[in-house]
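K.L.:
Fold the following and give me the result.
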Amino acid sequence: MKLLVTLIFSIACFYTGTAQFNDSSSRTLTLEKKDPNLGAKKSDNSDFALKIPSTVTISKTPNLLDSLDAKQINMLPTKELVDPGRDVKINPRLGLEEKNKKSGDKFLGVVKSKAKFVGITVRDGGGVIDGDRVRILLNGKIVERNLTLTFNHKGINEDLKKGVNRIVIKALNEGFSPTNSAQLDIVDDFGLLIFSQVFFLSEDSKATVIIDKK
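P.N.:
Residues are numbered from 1 along each chain as shown. The predicted model follows:
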C-alpha cells in the first residue's frame, strides 16, 4: 500500500514540473549588465583631468667610477703649499723708527691785529695728559720758561709792539706719549679769539706764529 502511494506521488510531481516548463506564460530570467561607471557621466572639463605621460624618462645610471677620476682635495701636508705672508719682509725697527721720527719746526701763519696786548694760552691738545712741557717766547724774550700742559688753558698777557711780533712755542719734552701735543690760543684786548691751532712737536722743536700789529 505504501509503495502505491509513493508511486502516485512521484507521477504527480513529474507532470506538475512538465506543465510548469511548457507554460507559455513563463519568462526567461535575463541578467542585466551593470554600468562600470555606476551612472557617473564623463566630465568635459579637461583642466581637472589627470595627465599621465605616455613614457617615463629614466635618468642615466650614475657611474661611481666618475668620482674616482675627479681631482681630489689633498688634506695631507705638502711642500707645494705656501705659508701666508712667506714673502712679506717686516722691518724689525719699524716701530722704533716711527717712534723716533722727529717733527721739525713749524710755522703756523700770520695774524693781523690792532690790539695793544694779547693773551697767549697753551693747553695739551692730544687728548691725554702725558706731562708735555713747553716754553713761550715773545720777540726772542722768554715770557714763560717751563709750562706743564693740562686740559686747562694756561698763559699770560703780553703787550704788542707795532709791526711784527713773533710768538714761539718750544717743546721741552714729549711726555710719555710722543710727540709733544699742544694747542695755542691767542685772544686780543677785547677778549676775541684771533688764533687757535693744535700742533705736534718733537723735543726742542718750535712752532711760530706772527702777529702783525697795525
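K.L.:
For the helix or strand that Thr208 is a member of, buried residues please.
P.N.:
Assigned by DSSP states H and E, Thr208 falls within strand 206-213. By 16 or more other CB atoms under 10 Å, the buried positions in strand 206-213 come out as 206-207, 209, 211, 213. Just so you know, the C-beta spots here come from the backbone N, C-alpha and C atoms, and that holds for glycine as well.
K.L.:
again with stretch 109-118
P.N.:
Under the neighbour-count criterion of 16+ other CB under 10 Å, stretch 109-118 has 111, 113, 115, 118 buried.
K.L.:
tell me the contacts of the closest residue to Val143 other than its chain neighbours?
P.N.:
Spatial nearest neighbour of Val143, excluding adjacent residues (CB to CB, 6 or more residues apart in numbering): Ile136 at 5.3 Å. Counting by CB atoms under 8 Å, 6 or more residues apart in numbering, Ile136 makes contact with 120, 122, 142-144, 147, 155-156, 167-170.
K.L.:
from the residues you listed, which would you call buried?
P.N.:
The buried subset of these - by 16+ other CB under 10 Å - is 120, 122, 143-144, 147, 155, 167-170.
K.L.:
out of those residues, which one sits closest to Gly104?
P.N.:
In terms of CB to CB, no member of these lies closer to Gly104 than Lys170, at 12.7 Å.
K.L.:
ok, that closest one touching Leu137?
P.N.:
Yes: the criterion here is CB atoms under 8 Å, and Lys170 meets it with Leu137 at 6.9 Å.
K.L.:
Find residues that contact each of these two.
P.N.:
Counting by CB under 8 Å, 6+ apart, Lys170 and Leu137 have no contacts in common.
K.L.:
Give me the mean pLDDT for the strand holding Thr208.
P.N.:
The average pLDDT for strand 206-213 rounds to 97.
K.L.:
Correct me if wrong, but Ile129 is in a helix.
P.N.:
No: assessed with DSSP: H, G, I helix; E, B strand; the rest coil, Ile129 is coil; it does not lie in a helix.
K.L.:
In space, what's closest to it - neighbours in sequence excluded?
P.N.:
Among residues not flanking Ile129 along the chain, Thr150 sits closest, at 5.8 Å (CB to CB, 6+ apart).
K.L.:
tell me the contacts of that neighbour?
P.N.:
By CB under 8 Å, 6+ apart, the neighbours of Thr150 are 123-124, 129.
K.L.:
Quick check: Ala171 touching Asp204?
P.N.:
Yes: Ala171 is in contact with Asp204 according to CB under 8 Å; the separation is 6.6 Å.
K.L.:
which stretches of this structure form helices?
P.N.:
For the chain, the helices defined by DSSP state H occupy 2-21, 66-69, 94-99.
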